[in-house]
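Visitor: prediction below, plus the sequence it came from.
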2 protein chains.
Amino acid sequence: MGGSLIVISGPSGVGKGTVVKRLLAEMPDLYISVSVTTRKPRPGEIPGKDYIFIDDKQFEEMVVNNQLLEWAYVHGHYYGTPKRQVFDKLAEGKTVILEIDMQGAMQVQRSVDDVVLIFLLPPSIKELANRLDKRGTEDEEIRKLRVLRSLQELDYIVDYDFMVLNEDLDVAVQSIKNIINMSKWVVTRGRARYLINKLKNGGVIDYEDFDFNKFKEGER
Amino acid sequence: MGGSLIVISGPSGVGKGTVVKRLLAEMPDLYISVSVTTRKPRPGEIPGKDYIFIDDKQFEEMVVNNQLLEWAYVHGHYYGTPKRQVFDKLAEGKTVILEIDMQGAMQVQRSVDDVVLIFLLPPSIKELANRLDKRGTEDEEIRKLRVLRSLQELDYIVDYDFMVLNEDLDVAVQSIKNIINMSKWVVTRGRARYLINKLKNGGVIDYEDFDFNKFKEGER
């Protein structure tokens, strides 16, 4: 498959978690980044698998020590992606999935250059509100805020590479699998720069040159 | 499949023509736009199928009457894409392929917004020069110019959505087929604007809303 860095974003309730779980089951070569967060575990969440649960002080230290690829403060809690695990897995040639919000996605795009951004769309805002109601783990006020925030997030779709409709789960999962399988062909700044330079210098490019690990090494 | 507008570019000799012929054979639903040109037919080229061959005066009239989606003057000849056939086929829900150079691709992107741009890469510049030598339909001077121009064109890859390596023809064709099949998920300005507005206005979006014809209509 060849290593790529993939971001999957979308409003709360769109079904990112379900889609990512299915992706991992069907593409065992993927690595799903585990975020750190300061929020409390929800019923059924497994520490170290769903999230790494830490306290505010630990989180602030990670920020100060530049150990996070991106981080955000959402609905009263911190969320972040540890740099180390992401770059280690990419160095092994794995494709790494980050399930992060639009704020985080923009930070990753700015700092890494070579990331493929996928936005998961709901069929309607009403449907989104229904799904949040069913989840029912938060109070009314937070659910309302999440819906308003979703409307705001829609404006950032123009900065994404792909937007996939999550109406039928199977279609959404299959579509994202196809996008992942083709992600090496997406023009990202670092990859394009590396390939262009190699061609201009009389080099021969092959399929491996499109892998994240390979062209990042070639850039150094 | 759903209608999209797709551009395939790449340096002379990279094998665009061969790739496009294979695509058409394997995806009969595609429509390959036929360009008008003022150059003379090469041996084996069929007028009306490979190109519509016209004279300078006819070409200039098409430009003046705004009947071309894009046009360029390359190696002493005019090339252009007639607007009418492209929009007629898109209105039928077909996916339309434009095999045009980078200059034309940028014009289409500016005027149409919703186009998916694919750049076909050679394994090396040397390989490209060899292929041009084998073709041997032009004199030495023009072949040299084509190679220099290829080097220049590489810098425009950053404005493309995808870059596909044409090392193995089967891999290149299969990859482009996959890109075409997923092109409805690519974030293009008009498509994103239409979907965002529909969601914000309380609407329900479905798969058809991603088709070129559908969202262009919705924009009006």
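Guide: Ah, there it is.
Visitor: run a quick neighbour tally on the residue lying closest to A:N66 once chain neighbours are set aside.
Guide: Closest residue in space to A:N66, ignoring its immediate chain neighbours: A:K83 at 7.7 Å, by Cβ to Cβ, 6 or more residues apart in numbering or on different chains. Any C-beta I mention is one placed from the backbone N, CA and C, and that applies to glycine too. Applying other Cβ atoms under 10 Å in any protein chain shown, we find 16 residues neighbouring A:K83.
Visitor: just A:E167 next, same as before
Guide: Under the neighbour criterion other Cβ under 10 Å, A:E167 is assigned a count of 16.
Visitor: check the gap between it and B:D209 for me.
Guide: Taking Cβ to Cβ, to the nearest Å as the measure, A:E167 falls 10 Å from B:D209.
Visitor: which residues in chain A form strands?
Guide: Secondary structure of chain A (DSSP state E): strands located at A:5-9, A:30-32, A:35-37, A:51-53, A:68-74, A:77-82, A:95-99, A:116-121, A:162-165.
Visitor: now do the first one against strand A:77-82, angle only.
Guide: Meaning strand A:5-9. On the basis of axes from the mean of the first three to the mean of the last three Cα atoms, to 10 degrees, strand A:5-9 is oriented at 160 degrees to strand A:77-82.
Visitor: tell me the strands beside strand A:5-9, with direction?
Guide: When pairs are called by DSSP bridges, strand A:5-9 turns out to pair with strand A:95-99 (parallel), strand A:116-121 (parallel).
Visitor: is it possible to get JSON lines of the ones you listed that adds distance to A:S35?
Guide: As requested, the strands paired with strand A:5-9 are arranged in JSON lines below (distance: least, Cβ to Cβ, whole Å):
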{"stretch": "strand A:95-99", "distance to A:S35": "8"}
{"stretch": "strand A:116-121", "distance to A:S35": "17"}
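Visitor: OK, contacts around the closest residue to A:I52 other than its chain neighbours?
Guide: Closest residue in space to A:I52, ignoring its immediate chain neighbours: A:V36 at 4.5 Å, by Cβ to Cβ, 6+ apart. If a contact means Cβ atoms under 8 Å, 6 or more residues apart in numbering or on different chains, then A:V36 has A:51-54, A:58-59, A:62, A:68, A:78-82 as its contacts.
Visitor: format those residues as TSV; extra columns: neighbour count and pLDDT.
Guide: As requested, the contacts of A:V36 are arranged in TSV below (neighbours: other Cβ atoms under 10 Å in any protein chain shown; pLDDT from 0 to 100):
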residue	neighbour count	pLDDT
A:Y51	18	93
A:I52	15	96
A:F53	15	97
A:I54	17	97
A:Q58	13	97
A:F59	20	97
A:M62	17	97
A:L68	22	96
A:Y78	22	95
A:Y79	22	93
A:G80	24	96
A:T81	24	96
A:P82	18	96
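Visitor: looking at those, spot the one nearest chain B.
Guide: Comparing the contacts of A:V36 against chain B with Cβ to the nearest Cβ picks out A:T81 as the nearest, at 22.3 Å.
Visitor: show me what that closest one bridges to in the sheet.
Guide: Bridge pairing for A:T81 (DSSP bridges) gives the partners A:E70.
Visitor: for it, give its distance to A:I54.
Guide: With distances defined as Cβ to Cβ, the gap from A:T81 to A:I54 amounts to 13 Å.
Visitor: any part of stretch A:176-188 near chain B?
Guide: Yes. Shown here: stretch A:176-188 in contact with chain B (Cβ under 8 Å from any Cβ of the partner chain) through A:178-179, A:181-182, A:185-187.
Visitor: which of those residues sit farthest apart?
Guide: The most widely separated members of those are A:N178 and A:V187, with 17.4 Å between them, by Cβ to Cβ.
Visitor: what about chain A, any weak spots by pLDDT?
Guide: The model of chain A has pLDDT under 70 over residues A:1-2, A:136-138, A:218-220.
Visitor: can you pull out the helices in it?
Guide: Listed in chain order, the helices of chain A (DSSP state H) span residues A:16-26, A:56-64, A:83-91, A:102-112, A:125-135, A:140-153, A:169-181, A:189-200, A:212-219.
Visitor: how about the shortest one: buried residues?
Guide: Neighbour-count burial for helix A:212-219, with 16 or more other Cβ atoms under 10 Å in any protein chain shown as criterion, is recorded at A:212-216, A:218.
Visitor: same check on the longest one?
Guide: Residues A:143, A:146-147, A:150, A:153 are the ones in helix A:140-153 that count as buried (16+ other Cβ under 10 Å).
Visitor: now that helix against strand A:5-9, angle please.
Guide: Angle between the axes of helix A:140-153 and strand A:5-9 is 120 degrees (criterion: the same axes, to 10 degrees).
Visitor: what does helix A:140-153 rub up against?
Guide: By Cβ under 8 Å, 6+ apart, the surrounding residues in contact with helix A:140-153 are A:9, A:11-14, A:75, A:101-102, A:122, A:125, A:128-129, A:132-133, A:138, B:199-200.
Visitor: filter these down to the buried ones, PyMOL style.
Guide: The buried residues among the contacts of helix A:140-153 can be selected in PyMOL (16+ other Cβ under 10 Å) with this line:
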select buried, (chain A and resi 9+11+12+13+14+101+102+122+125+128+129+132) or (chain B and resi 199)
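Visitor: quick one: contacts for the spatially closest residue to A:Y207 that is not a sequence neighbour?
Guide: Closest residue to A:Y207 in three dimensions, ignoring its sequence neighbours and counting by Cβ to Cβ, 6+ apart: B:L165, at 6.5 Å. For B:L165, the residues meeting the contact criterion (Cβ under 8 Å, 6+ apart) are A:205-207, A:210, B:121, B:123, B:171-172.
Visitor: export those to a markdown table and tack on neighbour count?
Guide: As requested, those are arranged in a markdown table below (neighbours: other Cβ atoms under 10 Å in any protein chain shown):
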| residue | neighbour count |
| --- | --- |
| A:I205 | 20 |
| A:D206 | 13 |
| A:Y207 | 14 |
| A:F210 | 23 |
| B:L121 | 25 |
| B:P123 | 19 |
| B:V171 | 13 |
| B:A172 | 22 |
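Visitor: dump the residues you listed into a markdown table; add distance to A:T95 as well.
Guide: As requested, those are arranged in a markdown table below (distance: Cβ to Cβ, whole Å):
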| residue | distance to A:T95 |
| --- | --- |
| A:I205 | 20 |
| A:D206 | 19 |
| A:Y207 | 15 |
| A:F210 | 12 |
| B:L121 | 21 |
| B:P123 | 24 |
| B:V171 | 18 |
| B:A172 | 21 |
